[in-house]
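Q: Everything below, folded, please.
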Amino acid sequence: MSDLPRKAVTRTAKLATLPLGFAGRATWGLGRRIGGVSADLVGRELQQRTADQLFKVLGELKGGAMKFGQALSVFESALPEEVAGPYRAALTKLQEAAPPMPTSTVHAVLAERLGEDWRALFQEFDERPAAAASIGQVHRAVWRDGRAVAVKVQYPGAGRALLSDLNQLAVFARLLGPVVPGIDVKPLIAELRARVAEELDYALEADSQRAHAAEFAGDPDVVVPDVVHQREQVLVTEWLEGVPLSEVIASGTAEQRDRAGQLLAHFLFCGPARTGLLHADPHPGNFRLIPDGEGSWRLGVLDFGTVDRLPGGLPDIIGRSLRLSLEGEAEKVHESLRAEGFIRESVELDAQAVLDFLLPIIEPAGAEEFAFTRGWLRGQAARLADPRSPAHHLGRQLNLPPSYLLIHRVTLSTIGVLCQLDAHVRLREELENWLPGFASDGELPGFVWEEEPAT
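A: Numbering: from 1, shown residues only. Reported below is the predicted structural model:
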């Protein structure tokens, strides 16, 4: 049975061009500086050329290269517009496209996992892949009972390719940092690498998807297709029609953008509260807008290969710290963060400085309705990335406990998608309803609380 479409040696050679290209462009940039071109202009050109090469190489590969590209693509909104514009289309393509697996390989996997008579399970099976992702591709089919289904087939050798790519990317993670200012690439790669086994386990994915499908059955806002059949390397689920969020980002109406953003925020916070699981792969290719038959849309959710298990929902320290920050309680925020390990015992930080660091980031949580824009996210990224900024130095002294790594990445990724959508979202409403520790009996700045009538 053939391995991934590109042999390991070819994949390694492809990835090896990235640091070589970075070094060559650095030399080119030095020459431009000597020639009198301004540092800012040279920096922008270097960033654009580096990003062009990065996403071109990642887009040609599956495995960890594409997985990393998809994870990085949601941060496109943080890039300066003059840099982001030329390769935004390449980023979007990463979210939903990859070279297909040969038909003969697909048949071989299905025969090995479902049996030689696998075709008897289907009334119809489309040989052309409907979608391709980092470790598998999806075919549209009709199950034997007449249901339209999606058949997810894992690439042979996907595990080896995933680990090999991520290990190689980790070697030069430091060089990738300038591509997306304000994002530390090294822990992102480490976290993706730590979840390889879970990503490859379709039985585990089926269990997570069944739990969501059962919880959201008949829900007015969220649709999760149920699992129809599962075997090693093959997962069959109900087919889900709808408009991919990548299309909404590219050409959706303002109404679609706002609705998609509200539903995405809703699912981020209500999912863990209702299922004890956090969907941990929030790139636009995993979501659909589905007409609800009443002039609005529901959110279709796909791909439960990576989840965070949170039996009690999101940790209440997140909601409590958010609320205390909005209340201006600097000392209490400081105490709460230190108790949970976000501020190490050996580190001394001024409580007010910590609050000043947090307030711009959590601005969306305090507003009645917040406009998520690329400009806002770029401003936050620039503030955190600028070595001259107090926020940059304070941020480097904060600690992210391992148990919060995935929550942190999912939250940042979701914010990135909301900014790509340019959506107006009532985030505070979702926090009040679903985030433990956020609701308060007091009054937060900008909040309107109804008082109980006097007795």
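
Q: just checking, next helix/strand downstream of the longest strand along the chain?
A: Counting residues, the longest strand found in the chain (DSSP state E) is strand 122-132. Downstream of strand 122-132, the first helix or strand assigned by DSSP states H and E is strand 136-143.

Q: who are the neighbours of that next one, in terms of helices and strands?
A: strand 122-132, strand 148-154 (3 or more Cβ pairs under 8 Å, 6 or more residues apart in numbering; DSSP states H and E). No exception for glycine: its C-beta is placed from N, CA and C like everyone else's.

Q: Can you list the strands that it pairs with?
A: When pairs are called by DSSP bridges, strand 136-143 turns out to pair with strand 122-132 (antiparallel), strand 148-154 (antiparallel).

Q: List the buried residues of the longest one.
A: It refers to strand 122-132. F122, F125, P129, A131, A132 (16 or more other Cβ atoms under 10 Å).

Q: Spell out the residue ranges of the helices in the stretch 201-350 of the chain.
A: Counting by DSSP state H, counting those that start in this stretch, one finds helices in the stretch 201-350 of the chain at the ranges 202-215, 245-251, 254-275, 316-326, 330-340.

Q: before we move on, back to that, quick one: the helices and strands packed on strand 136-143 as TSV, columns for distance to R426 and mean pLDDT too.
A: As requested, these are arranged in TSV below (distance: least, Cβ to Cβ, whole Å; pLDDT from 0 to 100):
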stretch	distance to R426	mean pLDDT
strand 122-132	31	92
strand 148-154	32	96
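
Q: among those, which is nearest L204?
A: strand 148-154 (12.8 Å; Cβ to Cβ).

Q: which outside residues touch the closest one?
A: Contacts to strand 148-154, defined as Cβ atoms under 8 Å, 6 or more residues apart in numbering, come from residues 101, 106, 109-110, 122, 125, 130, 135-143, 200, 202, 225, 228, 233-240.

Q: Separate out the buried members of those.
A: If you count burial by 16+ other Cβ under 10 Å, the buried members of the contacts of strand 148-154 come out as 101, 106, 109-110, 122, 125, 135-141, 143, 200, 202, 225, 228, 233-240.

Q: coming back round to it: need the helices and strands packed on strand 136-143 in a markdown table with distance to G218, can you?
A: Putting those into a markdown table (distance: least, Cβ to Cβ, whole Å) gives the following:
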| stretch | distance to G218 |
| --- | --- |
| strand 122-132 | 26 |
| strand 148-154 | 19 |
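
Q: nearest to E255, of those?
A: Nearest of these to E255, taken as Cβ to Cβ: strand 122-132 at 26.0 Å.

Q: just to revisit the earlier point, with distance to G293 as added columns, please give the buried residues of strand 122-132 in a markdown table.
A: Output for those, formatted as a markdown table (distance: Cβ to Cβ, whole Å):
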| residue | distance to G293 |
| --- | --- |
| F122 | 29 |
| F125 | 29 |
| P129 | 30 |
| A131 | 25 |
| A132 | 31 |
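
Q: ok, these vs S321, which is closest?
A: Closest to S321, out of all of the buried residues of strand 122-132 and judged by Cβ to Cβ, is A131, at 38.2 Å.

Q: any idea how far H139 is from the closest one?
A: 9 Å (Cβ to Cβ, to the nearest Å).

Q: before we move on, what about L431?
A: 39 Å.

Q: And L121, by the same measure?
A: Applying Cβ to Cβ to L121 and H139 gives a distance of 13 Å.

Q: Then A158?
A: For A158 relative to H139 (Cβ to Cβ), the value is 16 Å.

Q: same thing with L377?
A: From L377 across to H139, the span is 36 Å (Cβ to Cβ).

Q: Equivalent analysis for G313, please.
A: 35 Å.

Q: what about the strands in this protein?
A: 122-132, 136-143, 148-154, 222-223, 227-231, 234-238, 243-244, 277-279, 287-291, 297-301, 307-309, 370-371, 424-425.

Q: can you list the domains in this structure?
A: 1-200, 242-445 (automatic domain parsing).

Q: can you tell me which of those the model trusts least?
A: Ranked by mean pLDDT, the domains of the chain bottom out at domain 1-200, with a mean of 65.
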